[in-house]
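> this one's sequence-less:
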Ligand SMILES: N[C@@H](CCSC[C@H]1O[C@@H](n2cnc3c(=O)[nH]cnc32)[C@H](O)[C@@H]1O)C(=O)O
Ligand SMILES: [Zn+2]
């Protein structure tokens, strides 16, 4: 097994005080052996390779906890609309024409963009998930996969069977790089009996649930009319929160909703750019965090963002709360935690999200020898308020380099872009 020593400015994300301006990370095979100041690698550790990145920040890979990867194919296809007309008039008709192969190439495009912007793990909810799994395995990244299920349609049960099959085939596959969750789409697209069916299947397998919750005011109104309570109360009354749940959005919450989320240890995937673009609202992130809810970060699909860049998303998350609450809300280090350690917790990956001995070697290096990073007063502030996707130099997942010096090692970028262009334009032409 290859031994690697990386030298640079190390930000382990294992606590606010941890930072080594002249640090090193020792990697043996797929795991981190040591993290600390220069010279901290264990005695007798003889690296096969020394990677000198003294002008780079070395940090954990970023974790995108809510996306629909293949929606890269819809990037720029349907903009400037609110959620329901966007879904019903534009997105769903386009998605109805996607083949398994289209979803594979759309996912490959997403993974290319994610690797380039330092994302090493994604949580995806979509269809044709066996092909998504194949894409992730070949890209070399990590993922929590959920089959998106719209339970009101006749295909709800078929989708549930696919999710069960996906769990059996892929959970913990690829040296543990894949996990599988269950993906009932939302309380307004899945009836209560279907949600309970999903819950009991997930429970019997020990799997988590990934669902959209309380995204728009229209959803609050729909659920109030149908069930006389809030979406959070409705899902809680159905028993959905009795196992591990990742709730995307959670924009519109009452104080009682927040208490339920905290008590049931529901994790929240916050997607500020999608929420702004679809005019959904601003999630009460500090209020949730104060109550002990784990809030992680996501981009949502590329049709409501329109990129998968978590550096941009971190910046938006911070700025949004400063605008909504006050300038001290959501400081930089907390935002970095949302994009790393908290993301790992939300997805159930126990050994990623920070740089620590025994953890899996999922890390990135960020090129700090650029004008927008001087003077170097605060590394966390620079990463959140000044960095962008193109600053990422190297990406390692599970001890394997998948991007080095901005060159992708696991994917054929030109081919992927050409396939995506051809397939998306073909579908758009059919829909004219
Ligand atoms: N219709 C699919 C399964 C749904 S996957 C997840 C769905 O979530 C949709 N989606 C994307 N972003 C959002 C959002 O912000 N809110 C609600 N749904 C979204 C997305 O377009 C996709 O249809 C099938 O059975 O073939
Ligand atoms: Zn979504």
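That came through, no problem. Predicted, not measured: the structure shown is a model, and the values here were computed from it. Ligands and ions are numbered 1, 2, ... in the order given.
> low pLDDT regions in this structure?
The model of the chain has no residue with pLDDT under 70.
> So which residues on it come close to ligand 1?
Selection of the chain residues close to ligand 1 by CB under 6 Å from any ligand atom yields 68, 83, 87, 91, 95, 125-127, 148, 150, 155, 159, 185-186, 212, 215, 274, 300-301, 304. The C-beta positions use only the backbone N, C-alpha and C, and glycine is treated the same way.
> of those residues, buried ones?
68, 83, 87, 91, 95, 125-127, 148, 150, 159, 185-186, 212, 215, 274, 300-301, 304 (16 or more other CB atoms under 10 Å).
> Among the residues you listed, which lie within helices?
Counting by DSSP state H, these place 83, 95, 159, 274 in helices.
> The residue in the stretch 301-432 of the chain positioned nearest to ligand 1 - nearest residue in space that isn't next to it in sequence?
At 4.6 Å from ligand 1, residue 301 is the closest residue in the stretch 301-432 of the chain, using CB to the nearest ligand atom. Using CB to CB, 6 or more residues apart in numbering and skipping residues adjacent in sequence, the residue nearest residue 301 is residue 71, 3.2 Å away.
> again, but for residue 334
Of all residues not flanking residue 334 in the chain, residue 289 sits nearest, at 7.4 Å (CB to CB, 6+ apart).
> What are the buried residues along the helix or strand hosting that neighbour?
Here residue 289, judged by DSSP states H and E, is contained in helix 285-290. Using 16+ other CB under 10 Å as the test for burial, helix 285-290 gives 285-286, 288-289.
> Next: stretch 418-432.
419-420, 423-424, 427.
> Next: stretch 77-89.
Quick answer for stretch 77-89 (16+ other CB under 10 Å): 77-78, 81, 83, 86-87.
> now, the most widely separated pair of these?
77 and 83 (15.6 Å; CB to CB).
> So the residue nearest to residue 334 sits against residue 295, correct?
Yes. Contact status for residue 289 versus residue 295: in contact at 5.7 Å, counting by CB atoms under 8 Å.
> give the contact list for the closest residue to ligand 1 within the chain.
Closest contact between the chain and ligand 1, by CB to the nearest ligand atom, is at residue 148 (2.2 Å). By CB atoms under 8 Å, 6 or more residues apart in numbering, the contact set of residue 148 is 68, 125-127, 159, 183, 185.
> In the beta-sheet assignment, what are the partners of it?
residue 183 (DSSP bridges).
> Then residue 6?
Assigned bridge partners for residue 6, using DSSP bridges, are residue 25, residue 51.
> Residue 114 versus that one, what's the distance?
21 Å (CB to CB, to the nearest Å).
> cool, and residue 289?
25 Å.
> Equivalent analysis for residue 409, please.
14 Å.
> Which one of those two is surrounded by more residues?
Neighbour count, other CB atoms under 10 Å: between residue 409 and residue 114, residue 114 has more, with 29 against 13.
> Now do the SS call for residue 226.
Taking DSSP: H, G, I helix; E, B strand; the rest coil as the rule, one finds residue 226 in the helix state.
> contacting residues around residue 331?
Contacts of residue 331 (CB under 8 Å, 6+ apart): residue 318.
> Can you report phi and psi for it?
phi -70, psi 160 (degrees, to the nearest 10).
> going forward, begin numbering at 27 instead of 1
Renumbered: residue one is now 27, and that last one reads residue 357.
> Let me know the secondary structure of the residue nearest the centre of the chain.
Nearest residue to the geometric centre of the chain (CA atoms, centre = their mean): residue 90, 1.6 Å. Assigned with three-state DSSP, residue 90 falls in the strand class.
> got it, and residue 229?
helix.
> do you know how far it is from residue 208?
Distance of residue 229 to residue 208, given as CB to CB: 10 Å.
> ok, now residue 156?
For residue 156 relative to residue 208 (CB to CB), the value is 15 Å.
> quick one, which of those two is more surrounded?
Using other CB under 10 Å as the criterion, residue 156 and residue 208 rank with residue 208 on top: 27 against 16.
> what about residue 422, how many residues close to it?
Neighbours around residue 422, by other CB under 10 Å: 26.
> Could I get the phi/psi values of it?
Backbone phi and psi, for residue 422 under degrees, to the nearest 10, turn out to be phi -120, psi 130.
> Surely it is in contact with residue 53?
Yes. If you go by CB under 8 Å, residue 422 and residue 53 touch, sitting 7.5 Å apart.
> what is in contact with those two at once?
Joint contacts of residue 422 and residue 53 (CB under 8 Å, 6+ apart) are residue 387.
> What ranges does the stretch 27-176 of the chain have for its strands?
29-36, 46-54, 57-63, 75-86, 88-93, 145-152, 168-175 (DSSP state E, counting those that start in this stretch).
> tally of neighbours for residue 199?
If we define neighbours as other CB under 10 Å, then residue 199 has 15 of them.
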